[in-house]
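Colleague: give me a 3D structure for the following:
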Amino acid sequence: MTVTAIVGANWGDEGKGKVTDVLAAQSKYVVRYQGGSNAGHTILNPYGKFALHILPSGVFYPGVCNIIGPGTALNIDDFLHELKGLTDRGVPEPILRISDRAQIVMPYHKLLDQLEEERLGDLKFGSTKSGIAPFYSDKVSKLGIQVSDLFDEDRLRMRVEASLAAKNTLMKHLYGHPLVHADEIVQQFADKAEQIRPYVVDSSVLLQEAVKRGERILVEGQLGALRDPDHGIYPYSTSSSTLAGFAAVGAGIPPYAIKQIIAVTKAYSSCVGAGPFVSEIEGESAAELRQRGGDAGEFGATTGRPRRMGWFDAVATRYGCRIQGATEAVLTNLDVLGYLEEIPVCTAYELDGSRTLEFPVSARLDQAKPVYENVKGWNCDISSIRQFGDLPDAAQEYVLLVEKLVGVPIRTISVGPRREQIIER
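Modeller: This is a model prediction of the structure:
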């Protein structure tokens, strides 16, 4: 068996949680390899509806080992809260492991995130205020706190004091906020350290051995290719790499072990947060698509914010699949479009008076205009269909058009939010 990476082709919210949940049934390990609680994966299963923010999406299968890898931003409060939320609703206690090299989202990271967004005002980046940008800033600046640091009080105090030295200057002089005291932080984490101690392991050794044994591993990405800080719509990006190429680093597995890269994209477009969004629609068309989308409308799983809506963007999706190195794609939410007589598809951009099929650099995206092609809709409910050949001709043609435009084979189609609402090609 090989390692499979499940990643987003767009801005996030593509349906990766459902895809991971489905594939986890045949897997031994599911690994979160980047990001933190700043995005969520919504999953519907026999236990109910769940929005996971930090727990891997394999937690609903008792035999699956779920790992929070060294590349993640671990918010311990969110971890414990989500775990309790599962067991309180009748989900069997999942197998969970936390890398001893993962780093901790500290209270001052969330505070700085909130204060900076408030300071920026109209120039803000649409942060979820989960502390992610300050967290990764500390990580790169060598001021981060690793999970292993929590179990040595003297070392933890030294690390926190080093991190707070410059931050307290900002607190006082830039934000006009009371200082943060190291002793209070250390005291807060004494109990938290003991609560997560049973889960902490050297996850890299665990996964390297699993690779040698040929056990099936899923590595689960957060957000999508267009939120990557190097290849996405910078600066309206997240702070960690959202690409499959980072999965080996963030999970602690050999790069050669990743053989399958599944890019997930919706049959239309949606986006939470600020930044360029070429195929965006507004008004009644956006409101209706938003209301019909997802499992209960298109709203952010973490923030609850209404998602910005758009028609399928082939330019952005082809670019996202290419950057991810996708070997195949999953097309989700095809059923949502069943109310339309005609469906607009963005097949190209108009830029500087000419058409282009290439996704522009961020500095030029604001000048890009969508070029639409209207295709025939199927105008019926397809949510109960399980065979591709049973789809209406127009729905089949839509899938084949998207496949041709993005240049990646669409092996799986989702026609509803539940596990069983899947069509394999």
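
Colleague: CA only for contacts and neighbour counts going forward, please
Modeller: OK.

Colleague: report the buried residues of stretch 270-285.
Modeller: Residues of stretch 270-285 classed as buried by neighbour count (16 or more other CA atoms under 10 Å): 270-281.

Colleague: tell me what the closest residue to Glu280 other than its chain neighbours is bridged to.
Modeller: Of all residues not flanking Glu280 in the chain, Gly310 sits nearest, at 4.0 Å (CA to CA, 6 or more residues apart in numbering). The partner list for Gly310 in beta bridges (DSSP bridges) reads Ser269, Glu280.

Colleague: just the pLDDT at Gly310, thanks.
Modeller: Looking at Gly310, its pLDDT reads 97.

Colleague: next: Gly63.
Modeller: Gly63 carries a pLDDT value of 92.

Colleague: before we move on, what about Phe125?
Modeller: Phe125 carries a pLDDT value of 65.

Colleague: which phi and psi does the nearest residue to Arg419 once chain neighbours are set aside have?
Modeller: Using CA to CA, 6+ apart and skipping residues adjacent in sequence, the residue nearest Arg419 is Val22, 6.0 Å away. Per-residue torsions, Val22: phi -70, psi -50 (degrees, to the nearest 10).

Colleague: can you tell me how far Val22 sits from Val30?
Modeller: 12 Å (CA to CA, to the nearest Å).

Colleague: okay, these two: which has more neighbours?
Modeller: Comparing Val22 with Val30 by other CA atoms under 10 Å, the one with more neighbours is Val30, at 30 against 19.

Colleague: if I pick the more buried one, what's in contact with it?
Modeller: 24, 56-58, 64-67, 217-220 (CA atoms under 8 Å, 6 or more residues apart in numbering).

Colleague: at 7 Å what do you get?
Modeller: The neighbours of Val30, taking CA atoms under 7 Å, 6 or more residues apart in numbering as the test, are 24, 56, 58, 65-67, 217-220.

Colleague: where in the chain is pLDDT low?
Modeller: Within the chain, the segments meeting pLDDT under 70 span 1, 123-127, 301-303.

Colleague: show me where it has its helices.
Modeller: 16-23, 76-88, 107-120, 132-140, 153-173, 182-196, 203-213, 247-251, 283-292, 314-324, 362-365, 393-406 (DSSP state H).

Colleague: so which of the ones you listed comes closest to Glu420?
Modeller: Among the helices of the chain, helix 16-23 comes nearest to Glu420, with 8.4 Å by CA to CA.

Colleague: gap between the closest one and the chain center?
Modeller: Averaging C-alpha positions (CA atoms, centre = their mean, to the nearest Å) puts helix 16-23 12 Å from its chain's average.

Colleague: how about residues contacting it?
Modeller: 6-8, 41-43, 57-58, 264, 419.

Colleague: cool, stretch 372-388 as well?
Modeller: For stretch 372-388, contacts defined as CA under 7 Å, 6+ apart pick out 335, 338-347, 391-392, 394-395, 415-416, 421-423, 425.

Colleague: can you flag the buried ones in those?
Modeller: 335, 338-339, 343-347, 391-392, 395, 415-416, 421-423.

Colleague: narrow these to those in strands?
Modeller: Applying DSSP state E to the buried ones among the contacts of stretch 372-388, the entries found in strands are 343-347, 422-423.

Colleague: list the contacts for Ile6?
Modeller: When contacts are counted by CA under 7 Å, 6+ apart, Ile6 touches 16, 20, 219-221, 261-263.

Colleague: any idea which of those residues is closest to Lys139?
Modeller: Lys139 lies nearest to Gly221 out of these, by CA to CA, at 19.2 Å.

Colleague: got a list of what the residue nearest to that closest one when sequence neighbours are not counted touches?
Modeller: Using CA to CA, 6+ apart and skipping the chain neighbours, the partner closest in space to Gly221 is Val7 (4.9 Å). Counting by CA under 7 Å, 6+ apart, Val7 makes contact with 16, 220-221, 224, 243-244, 262-264.

Colleague: run through the bridge partners of Val7.
Modeller: Ala263.

Colleague: tabulate the contacts of Ile6 (CSV), appending neighbour count and distance to Val180.
Modeller: Below are the contacts of Ile6 laid out as CSV (neighbours: other CA atoms under 10 Å; distance: CA to CA, whole Å):
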residue, neighbour count, distance to Val180
Lys16, 30, 37
Thr20, 25, 39
Val219, 29, 36
Glu220, 26, 35
Gly221, 29, 33
Ile261, 23, 43
Ile262, 26, 43
Ala263, 32, 42
